[in-house]
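In: Output the structure for:
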Amino acid sequence: KRCELDEAVLVLGSATPSLEDYYNAMQGEYRLVEMNNRVVDQTLPQVEIVDMRRELEMGNRSMFSNALYQALQHIIDHGEQAILLINRRGYAHFVSCRSCGYVIKCRNCDVSLTFHAGEYALKCHYCGYREGYPKTCPECGSKYIKHFGVGTQKVEEELRNLFPSVRLLRMDMDTTGRKGAHHKILDAFEREGYDILLGTQMVAKGLDFPNVTLVGVLAADSALNIPDYRSSEKTFQLLTQVAGRAGRGSKPGRVVVQSYQPEHDAIKYASNHDYTGFFQREVQIRRQFDYPPFSHIIRVLITGEEEKQLAELSKSMIEWLEERIADSRLLKEGLLDLGAYPAPIERIKSKYRWQVLIRVRTEGEYRDAYHHLCEELNREFYRETLTTALDFNPLSLI
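Out: Okay, here's the model as predicted:
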């Protein structure tokens with residue numbers, strides 16, 4: 001809109017454009033300008049996929065495959081640098097009782113608490129709630145309570161055990177919370193005072209360090225099982241972007257990707273730096289199930305303190321929408337799907353969450369009709385005690 005008002009040119013630039021944007025470019029709605037080579041014709045790094053199931057079969061129970069361990073030893077011995085990605089902060093994903101299976105969750109959100117070793121506390125990454133590490137299970141009283149999973153803190157500890165002399169920086173929300181901390185970490189790494197930069201997805205994009213010859217991805221498939229149709233796309237984008245951090249100088253780069261699903265399309269195409277191949281495969285799946293860019297998804301997210309009230313309001317919304325759609329030829333022809341459901345994360349910050357999802361055809365006349373319908377919906381269902389957020393083609397359905 002800003003470009004329309006100012007008669008400016010909008011440039012969308014990315015090595016991994018969204019599937020919808022690239023599809024629009026293929027359809028001629030955008031002008032496509034491609035750069036198929038790196039600056040000064042640098043070669044793309046070689047990518048090796050390690051099947052962690054095989055590592056387990058061979059008796060390796062470490063979070064590091066043999067290939068990644070040897071690659072890290074090489075860069076330390078030769079004065080080079082590495083970036084390691086683990087897209088989970090904290091020490092462990094969750095704390096659970098091995099006797100009764102109880103998982104300790106946040107009292108305000110429908111998520112498990114993450115163990116942070118430095119403070120020896122459990123924290124919620126959504127609302128900030130924290131509590132001490134329990135000595136016994138709050139549910140059954142058993143002493144067999146333990147933390148499971150891997151986060152950046154656990155990886156940092158393991159690296160220091162494996163490579164006692166390693167010079168290591170960790171970059172996540174816990175280490176970059178203070179003003180200027182983000183730049184201090186990157187400046188220190190750029191001055192080559194450190195061997196390894198370990199972090200979450202904030203280390204995956206935009207970093208240009210000529211001495212980085214190795215990138216390691218510890219859990220490449222961690223986002224693949226998220227209940228969102230974009231999960232494959234987001235995984236491909238993250239892997240492709242972080243792989244591009246290696247070999248940006250005169251030395252060749254290498255990428256080691258560890259996965260329990262190495263046959264997945266997102267991982268295979270990312271390992272070959274093949275955006276076009278991934279796009280062609282993913283767009284087939286989207287077309288088959290009428291997901292964007294072959295439809296528009298409208299999400300109405302309702303949050304409030306009373307779950308029953310949300311369920312009743314969602315039902316009323318559906319009934320109202322069905323009546324309005326039945327009375328309009330455009331709305332009826334444009335509708336693909338309509339439903340109300342609890343959000344995948346049902347409660348955040350003590351507020352319950354329900355969503356009404358509307359899937360409609362992409363033709364302009366249908367899109368415009370549903371824009372008007374959504375404006376009416378907002379006016380009709382405004383409630384002072386509830387929060388309603390309407391999003392056209394949301395980036396996430398979580």
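In: Ile49 belongs to a strand?
Out: Yes: looking at Ile49 with DSSP: H, G, I helix; E, B strand; the rest coil, it is inside a strand.
In: who does it bridge with?
Out: Here Ile49 sits in beta bridges with Val257, going by DSSP bridges.
In: Is it correct that it is in contact with Pro262?
Out: Yes: under the criterion of CB atoms under 8 Å, Ile49 makes contact with Pro262 at 4.7 Å. The way it works is simple: take the backbone N, C-alpha and C, and place the C-beta from them, glycine included.
In: any shared contact partners between the two?
Out: Lys268 (CB atoms under 8 Å, 6 or more residues apart in numbering).
In: all strands of the stretch 151-300 of the chain, in order?
Out: Assigned by DSSP state E, counting those that start in this stretch, the stretch 151-300 of the chain shows strands spanning 168-171, 196-199, 212-217, 254-259, 296-304.
In: Make a markdown table from these and add mean neighbour count, mean pLDDT and distance to Leu12 to it.
Out: Formatted as a markdown table, the strands of the stretch 151-300 of the chain follow (neighbours: other CB atoms under 10 Å; pLDDT from 0 to 100; distance: least, CB to CB, whole Å):
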| stretch | mean neighbour count | mean pLDDT | distance to Leu12 |
| --- | --- | --- | --- |
| strand 168-171 | 20 | 94 | 27 |
| strand 196-199 | 25 | 95 | 26 |
| strand 212-217 | 26 | 96 | 25 |
| strand 254-259 | 25 | 96 | 26 |
| strand 296-304 | 20 | 95 | 19 |
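In: can you put those in a markdown table and add distance to His371?
Out: Formatted as a markdown table, these follow (distance: least, CB to CB, whole Å):
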| stretch | distance to His371 |
| --- | --- |
| strand 168-171 | 41 |
| strand 196-199 | 40 |
| strand 212-217 | 40 |
| strand 254-259 | 41 |
| strand 296-304 | 9 |
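In: Of those strands, which is nearest Phe289?
Out: Smallest distance to Phe289 across the strands of the stretch 151-300 of the chain (CB to CB): 11.6 Å, for strand 296-304.
In: Averaged pLDDT, stretch 140-159. What do you get?
Out: For stretch 140-159, mean pLDDT rounds to 92.
In: quick one, what contacts the closest residue to Phe278 other than its chain neighbours?
Out: Sequence neighbours aside, Tyr269 is the residue nearest to Phe278 in space, at 3.7 Å (criterion: CB to CB, 6 or more residues apart in numbering). Counting by CB under 8 Å, 6+ apart, Tyr269 makes contact with 236, 275, 277-278, 281.
In: ok, of those, which come out buried?
Out: 236, 275, 278, 281 (16 or more other CB atoms under 10 Å).
In: So the last one is in contact with Lys268, correct?
Out: By that I understand Arg281. No: using CB under 8 Å as the test, Arg281 is too far from Lys268 to be in contact (9.3 Å).
In: where in this structure is pLDDT low?
Out: 40 (pLDDT under 70).
In: Distance check, the residue located most distally from the centre of it against Leu373.
Out: In the chain, counting by CA atoms, centre = their mean, Asp327 sits farthest out from the average C-alpha position, at 40.0 Å. Asp327 is 11 Å from Leu373, where distance means CB to CB, to the nearest Å.
In: what do you get for Gly304?
Out: Distance from Gly304 to Leu373, by CB to CB: 23 Å.
In: pull the longest strand from this protein.
Out: strand 335-348 (DSSP state E).
In: just checking, what packs against that one?
Out: Counting contacts by 3 or more CB pairs under 8 Å, 6 or more residues apart in numbering; DSSP states H and E, strand 335-348 packs against helix 307-326, strand 351-360.
In: helix/strand/coil for Val11?
Out: coil.
In: which residues sit in contact with the closest residue to Val356 other than its chain neighbours?
Out: Leaving out its chain neighbours, the residue that sits closest to Val356 by CB to CB, 6+ apart is Val300, at 4.2 Å. Residues in contact with Val300 (CB under 8 Å, 6+ apart) are 317, 355-358, 374, 377, 388-390.
In: And Val300, how far from Leu357?
Out: For Val300 relative to Leu357 (CB to CB), the value is 8 Å.
In: next one: Gly132
Out: For Gly132 relative to Leu357 (CB to CB), the value is 39 Å.
In: Tell me which of the two has more neighbours.
Out: It is Leu357, of Gly132 and Leu357, that has more neighbours when counted by other CB atoms under 10 Å, with 16 against 9.
In: I figured that one hits Ser295, correct?
Out: No: using CB under 8 Å, Leu357 makes no contact with Ser295, being 10.9 Å away.
In: where do the helices sit along the stretch 101-250 of the chain?
Out: Per DSSP state H, counting those that start in this stretch, the stretch 101-250 of the chain carries helices over the ranges 152-162, 181-190, 231-243.
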